[in-house]
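Asks: need a structure here:
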Amino acid sequence: MALQKANALGAGEIKAFEPSALEVGKGFYGKLVRLTLQYDPPETSGPRTLIAKFSSDNPEMRERPNTKASYEREIHFYQEIASGSPIPVPTCYYGRVDMASGWHVLLLEDLAPARSGSRLDGCSQTEAGAAIAHIARFHAHWWENPALGNLNWLADRPGAPSDAQVAERHEEWWPAFLLEVEYQLPDAVMEIGQRLGEQRGRIARHLFAGRPRTLIHSDYHLDNLLFGEDGTSLFVVDWQFVKHGRGIWDVAYFLSQNLAPADRQAIEMDLLSDYIAILNHHGVQTYSLGDAIRDYRLSFLHRLGALISTIAAMPFTREQIRFHTDVLLPRIVAAILHHDCRSLLGSTN
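Replies: Got it, this is the predicted structure:
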């Protein structure tokens with residue numbers, strides 16, 4: 001019925017399907033299943049396979065208000081604005097969420113043989129350049145776009161914590177975070193972690209509530225990119241955390257969390273310059289490279305705060321926690337040290 005409503009079935013009807021689990025990404029918020037469809041008559045023009053996306057099996061994860069909101073947000077993205085996206089995304093045939101229970105389902109186009117990237121393995125310079133170029137075009141399209149004001153589902157929900165509440169929670173998360181980290185953090189990062197709580201609210205407002213603003217993916221990493229065989233064409237998936245913000249956040253997140261520090265350092269300034277050039281080409285003339293570099297550095301501080309919260313408090317498996325502490329954390333630590341982000345504490349205006 002979902003495919004019929006989407007005008008995707010042709011003349012046939014689905015008589016059976018065979019599911020197979022997909023090991024894509026780390027499955028932090030849900031799971032993916034490939035559905036192989038059988039039609040009657042078999043020569044129908046409908047899709048042969050679909051990707052079904054479901055909520056997490058873990059009720060502690062699934063029933064979190066923020067998790068349920070992320071499921072709802074992704075459905076809104078696909079149903080309302082994905083078709084006008086300036087970068088390729090899969091076709092969505094169906095989406096529904098039950099906000100009471102947190103159960104949701106999305107039926108998406110299967111983009112095989114495009115392959116998913118891997119944060120653990122990193123990527124080539126060509127692939128990194130393609131990723132930044134694609135997200136730059138997306139940001140340029142939505143840069144101070146009046147339509148952003150009509151997307152009510154992007155608005156923050158009532159009850160967002162105050163700066164004081166965020167600082168108080170950070171004080172609780174910090175020692176719990178340290179218990180999970182099995183290597184010695186550099187002194188500069190220890191100082192940042194101890195001081196960051198009182199700054200987190202201001203940094204977040206600067207990056208996500210101030211101007212200029214655009215639409216950002218905000219989970220822009222290799223596991224959410226599907227590369228074509230040429231290594232440059234790609235699709236972007238997993239829009240659960242799409243939001244308003246400064247576009248450079250996506251760039252900082254991608255470069256700091258997907259590449260080994262030496263690989264990032266070798267290409268990041270060239271890619272930041274490319275990002276600004278693409279914005280300029282598409283009519284964004286008021287955001288300079290200097291603006292971008294400062295917001296890039298602030299994004300690293302915000303990302304460290306997010307990792308502290310995640311590692312200390314999220315209901316992840318031990319394997320998932322270890323991925324954050326052993327892979328993602330050392331990369332953001334290296335970026336913070338390389339860019340002397342400690343000097344930015346207390347400076348967000």
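Asks: any chance you could map the helices in the stretch 101-250 of the chain?
Replies: According to DSSP state H, counting those that start in this stretch, the stretch 101-250 of the chain carries its helices in the segments 125-142, 163-180, 187-195, 197-208, 248-258.
Asks: mind putting the ones you listed in CSV, mean pLDDT, distance to residue 51 and mean neighbour count included?
Replies: For glycine as for every other residue, the C-beta is placed from the backbone atoms N, C-alpha and C. Shown next, in CSV, are these (pLDDT from 0 to 100; distance: least, CB to CB, whole Å; neighbours: other CB atoms under 10 Å):
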stretch, mean pLDDT, distance to residue 51, mean neighbour count
helix 125-142, 96, 20, 20
helix 163-180, 96, 32, 15
helix 187-195, 97, 38, 15
helix 197-208, 96, 29, 19
helix 248-258, 98, 22, 25
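Asks: nearest to residue 151, of those?
Replies: helix 125-142 (9.8 Å; CB to CB).
Asks: could you check the angle helix 248-258 makes with the closest one?
Replies: Angle, helix 125-142 to helix 248-258, by axes from the mean of the first three to the mean of the last three CA atoms, to 10 degrees: 160 degrees.
Asks: Would you report the backbone torsion angles of residue 30?
Replies: Here is the backbone geometry of residue 30 (degrees, to the nearest 10): phi -180, psi -160.
Asks: quick one: secondary structure of residue 295?
Replies: Secondary structure, DSSP: H, G, I helix; E, B strand; the rest coil: residue 295 is helix.
Asks: and it, what pLDDT?
Replies: On pLDDT, residue 295 comes in at 98.
Asks: Please tell me I have it right and it contacts residue 250.
Replies: No: using CB atoms under 8 Å as the test, residue 295 is too far from residue 250 to be in contact (11.1 Å).
Asks: Show the residue spans covered by the strands in the stretch 201-349 of the chain.
Replies: Remark: strands assigned in the stretch 201-349 of the chain by DSSP state E, counting those that start in this stretch are 214-216, 225-227, 234-236, 243-245.
Asks: burial measure for the residue lying closest to residue 304 once chain neighbours are set aside, as a count.
Replies: Leaving aside its sequence neighbours, residue 304 sits nearest to residue 332 (CB to CB, 6 or more residues apart in numbering; 5.4 Å). Residue 332: 24 surrounding residues under other CB atoms under 10 Å.
Asks: same deal with residue 119?
Replies: Neighbour count of residue 119, defined by other CB under 10 Å: 20.
Asks: So it versus residue 327, what's the distance?
Replies: Plainly put, residue 119 is 7 Å away from residue 327 if you go by CB to CB, to the nearest Å.
Asks: For the residue nearest to residue 309 when sequence neighbours are not counted, list the residues it contacts.
Replies: In this structure, residue 309 finds its nearest non-sequential neighbour in residue 173, 5.4 Å apart by CB to CB, 6+ apart. Residue 173 is in contact with 308-309, 312-313, counting by CB atoms under 8 Å, 6 or more residues apart in numbering.
Asks: Quick check: of the residues you listed, which lies closest to residue 164?
Replies: Nearest to residue 164 among these is residue 309, at 16.1 Å by CB to CB.
Asks: Do you know the pLDDT at the closest one?
Replies: Looking at residue 309, its pLDDT stands at 97.
Asks: Which ones among the contacts of residue 173 lie within helices?
Replies: Counting by DSSP state H, the contacts of residue 173 place 308-309, 312-313 in helices.
Asks: Quick one, which of the residues you listed are buried?
Replies: Buried members of those, scored by 16 or more other CB atoms under 10 Å, are 308-309, 312.
Asks: Format the residues you listed as TSV; extra columns: distance to residue 271.
Replies: As requested, those are arranged in TSV below (distance: CB to CB, whole Å):
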residue	distance to residue 271
308	27
309	28
312	31
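Asks: Could you export stretch 36-48 as CSV, CA atoms only?
Replies: These are the backbone C-alpha positions of stretch 36-48, laid out as CSV (Å, rounded to 0.1, in the frame of the first residue of the first chain):
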residue,chain,number,x,y,z
THR,A,36,14.0,-8.0,-1.5
LEU,A,37,10.6,-7.9,-3.1
GLN,A,38,8.7,-10.5,-5.1
TYR,A,39,5.9,-9.3,-7.4
ASP,A,40,2.9,-10.7,-9.2
PRO,A,41,3.3,-10.4,-12.1
PRO,A,42,7.1,-10.6,-11.9
GLU,A,43,7.8,-8.1,-14.7
THR,A,44,6.5,-5.1,-12.7
SER,A,45,8.4,-1.9,-12.9
GLY,A,46,8.4,-1.5,-9.1
PRO,A,47,11.7,-1.5,-7.1
ARG,A,48,13.3,-4.9,-6.6
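Asks: Thank you kindly, that will do.
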